[in-house]
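**Student:** Let's see this in three dimensions:
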Amino acid sequence: VVGILFQVTDEDVDNDFLSSIKFEQAPERKYDEGISLDSEVDLNFFSHIFGGEFYRYKGSLTTPPCSEIVEWFVMATPSTISP
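**Tutor:** A predicted model of the protein is given here:
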């Protein structure tokens, strides 16, 4: 699992990447409900941080059954919401 931290400011209103993954619908969904995306997810939005440092640890899934079967890679450099 790759984790990306975000810096959020008052100016962060519209973000093409978060809109493409329908992030605004996330709080409305239960963990076992999926969201159909309209197109492929373009991770190039984060290319400026993927080559940087990261933290790695063994952990669990964030949704039930929360199995401890994954390795987390959390990027050390936060991304901004606004481009």
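**Student:** got the CA positions of the helix or strand of the chain with the lowest mean pLDDT in CSV?
**Tutor:** Counting by mean pLDDT, DSSP states H and E, the weakest-scoring helix or strand in the chain turns out to be helix 16-20, with a mean of 74. This file holds the C-alpha atoms of helix 16-20, laid out as CSV (Å, rounded to 0.1, in the frame of the first residue of the first chain):
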residue,chain,number,x,y,z
ASP,A,16,-8.5,17.1,-10.9
PHE,A,17,-6.9,14.0,-9.4
LEU,A,18,-9.2,13.8,-6.3
SER,A,19,-12.2,14.4,-8.5
SER,A,20,-11.1,11.6,-10.9
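**Student:** Residue 79 touches residue 7, doesn't it?
**Tutor:** Yes - at 7.4 Å, residue 79 and residue 7 qualify as touching, with contact defined as CB atoms under 8 Å. C-beta: built from backbone N, CA, C; applies to glycine.
**Student:** Show me which of those two is the more surrounded one.
**Tutor:** residue 79 (15 against 11; other CB atoms under 10 Å).
**Student:** need the contact list for the more buried one.
**Tutor:** 4, 5, 6, 7, 45, 46, 48, 49 (CB atoms under 8 Å, 6 or more residues apart in numbering).
**Student:** In terms of pLDDT, where does residue 45 sit?
**Tutor:** Listed pLDDT for residue 45 reads 80.
**Student:** wait, isn't it in contact with residue 18?
**Tutor:** No - counting by CB under 8 Å, residue 18 is not a contact partner of residue 45; they are 9.2 Å apart.
**Student:** before we move on, the earlier item: mind listing what's buried along the helix or strand just after the least confident helix or strand of the chain?
**Tutor:** Remark: after helix 16-20, the chain's next helix or strand is helix 47-50, criterion DSSP states H and E. Across helix 47-50, burial judged by 16 or more other CB atoms under 10 Å covers residue 49.
**Student:** quick check, distance from helix 47-50 to the centre of its chain.
**Tutor:** Once both centres are worked out by CA atoms, centre = their mean, to the nearest Å, helix 47-50 turns out to sit 13 Å from its chain's centre.
**Student:** Stretch 68-76 now?
**Tutor:** Remark: stretch 68-76 is offset 12 Å from the chain centroid, using CA atoms, centre = their mean.
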